[in-house]
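J.: sharing a model that was predicted from the sequence below.
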Amino acid sequence: MSKAFALFAAFLAATIAHIVYVVAHEPFSFDAWNVAVDTHSEPANIGRFFAYWQSQYTHGNPRLGQPLTYLAYKITGFAEVMTPLAFVGLTLAIVILGLGRWPRRGRDLALWAIAIGVCWFALPHLGRNMFCRAYAANYIYGAAIQLGVLAALRLRMGDAATKDQIATYMMLGIAAGMCNEHTGPALIACLVAVAAWRHRRSQTFGLVAATAVGATLGFLVIFFAPGQGERYGGLAHRMGLVERIVDRGVAGGFDILRDYLLFAAPLLVLLALVTLQIRNEKREDSTRNFVVLALVAGLIVTATLCASPKLGSRFFIAPLALLLASFIALADRLTSPRWLAGLVVLAVSASTYAAVRTLPLFRQVGTQGDQRMADLAATQPGDTFNAKPFAQVGESWWFIGDDFRDKHKRAMVTDYLGLSRVTFPDHRRSGRTSAAPQPD
């Protein structure tokens, strides 16, 4: 056990160091400019924090992740601490959900290591979404909160609920429901399904019901927020959910479903392979139900995305994390040490590959980003700024890319800094440049 703990601790420490380094070298880009414009680049304090949260709730992004975005960009060191903690917390929640217990034994630690490593390819575009502070705060932190609440519920599900516990879990449910309007319905549906299942078996379900009520309240708080109506052009108030799904059309719905299945494919393959190794069908029944529940959660998220004008891999992080938890539950049934060791090797290899892909890239773009900010500061109002592209311009699994490839972002910077224009080399055609439109 001591050797297993030492090996796991080294792996966990290396993972944390990797994430801290990359986050510290994230260039100032994309939503960093949005926060700067919305706050007039004023330093953070408590009053401005709550003023920003209120403004976002009424006119922008009402999710719980948006005030965390403010802290990630405004407070030095916040993202470097919270992002690795959120990732580790998310993986711990995945393991607790899968095992139904805290990981203590050497085998449990091996399964936690598997969860950490598999995340790099099982959670869609993890590098891109975790190493952009706004996306991390809204989707990685959000997934950690939602699965963390489910994990806490999993540990105490069989307990008789006291009034204080009911109030506590209702508050936790509210926080989880406020994380994302697309994962909220899936979260609520899963909680209601578990409560109904336990009720049919004459088992206690008070804490599950309290969490479901809280999640519903939290979802309604952000779904009907004034900012939600502004973000979606008033569609949240003018058109019902079913109507918006129909408006997107069958073809659009199948495109989103295809994306979900593609993102889920690595986990589905692992689930199939591990299932073939399990011999005791009776012990597998509850795990099979877990897999089905996780897949249904993903399908519910897919359905909600049919009603959204915004699409992206980030919306599938929470449901695929739940599917990974079902894989951990299945892997815990493995009796072959070779299979478990093979999954650990796969996880360590995936983590190593992620480090190889991101550490040198972010060291380079971080330096380039600092230079760009210095050059912008040296450019006089009314002048033209000729931007040099980052080492990677386009989007990939590991990096969101250079924000100045977007003409709208260049227009925002042009207007905010009072420049004449911002030019950027056309990465699709060598020798061409594109410029932001002249400010009015």
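T.: In hand now; what should we look at?
J.: give me the phi and psi for residue 94.
T.: Main-chain torsions, residue 94, degrees, to the nearest 10: phi -60, psi -40.
J.: right, I mislabeled it, should have said residue 204
T.: In terms of degrees, to the nearest 10, the main-chain angles of residue 204 are phi -60, psi 140.
J.: quick one, what contacts it?
T.: 157, 158, 159, 160, 161, 198 (Cβ atoms under 8 Å, 6 or more residues apart in numbering). In this view, the C-beta of every residue, glycine as well, is placed from N, C-alpha and C.
J.: got a list of what residue 389 touches?
T.: With contact taken as Cβ under 8 Å, 6+ apart, residue 389 is in contact with 402, 404, 405, 424, 425, 427.
J.: before we move on, what SS does residue 404 have?
T.: helix (DSSP: H, G, I helix; E, B strand; the rest coil).
J.: what is the neighbour count of it?
T.: Other residues lying near residue 404 total 24 when counted by other Cβ atoms under 10 Å.
J.: same question, residue 409
T.: Residue 409: 20 neighbours (other Cβ under 10 Å).
J.: sec struct for it, please.
T.: Following three-state DSSP, the label given to residue 409 is helix.
J.: cool, and the one 5 residues further on?
T.: Secondary structure for residue 414, judged by three-state DSSP, is helix.
J.: you'd agree it is up against residue 424?
T.: No. Counting by Cβ atoms under 8 Å, residue 414 does not reach residue 424; the two are 11.2 Å apart.
J.: tell me which of the two has more neighbours.
T.: Using other Cβ under 10 Å, the more surrounded residue of residue 414 and residue 424 is residue 424, with 24 against 21.
J.: report all helices and strands that the lengthiest strand in the chain contacts.
T.: Using DSSP state E to define each element, the chain has its longest strand at strand 421-425. Here strand 421-425 touches strand 384-386, helix 407-417, strand 433-435, going by 3 or more Cβ pairs under 8 Å, 6 or more residues apart in numbering; DSSP states H and E.
J.: now it and helix 407-417, what's the angle there?
T.: Strand 421-425 and helix 407-417 are oriented at 140 degrees to each other (axes from the mean of the first three to the mean of the last three Cα atoms, to 10 degrees).
J.: begin at 47 from here
T.: OK, 47 is where the count begins now, so the last one is strand 467-471.
J.: just to revisit the earlier point, how about JSON lines for the helices and strands packed on strand 467-471, with mean pLDDT added?
T.: Shown next, in JSON lines, are the helices and strands packed on strand 467-471 (pLDDT from 0 to 100):
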{"stretch": "strand 430-432", "mean pLDDT": "95"}
{"stretch": "helix 453-463", "mean pLDDT": "94"}
{"stretch": "strand 479-481", "mean pLDDT": "43"}
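J.: distance from the longest strand of the chain to the middle of the chain?
T.: 32 Å (Cα atoms, centre = their mean, to the nearest Å).
J.: picking up where we left off before, flag the least confident of the contacts of residue 435.
T.: Taking the contacts of residue 435 together, the minimum pLDDT is found at residue 473 (61).
J.: which helix runs longest in this structure?
T.: Identified as the longest helix of the chain according to DSSP state H is helix 383-424.
J.: average pLDDT for it?
T.: Mean predicted lDDT for helix 383-424 stands at 96.
J.: the closest residue to residue 269 other than its chain neighbours in helix, strand or coil?
T.: Leaving out its chain neighbours, the residue that sits closest to residue 269 by Cβ to Cβ, 6 or more residues apart in numbering is residue 227, at 5.0 Å. Following three-state DSSP, residue 227 is assigned to coil.
J.: thank you kindly, that will do.
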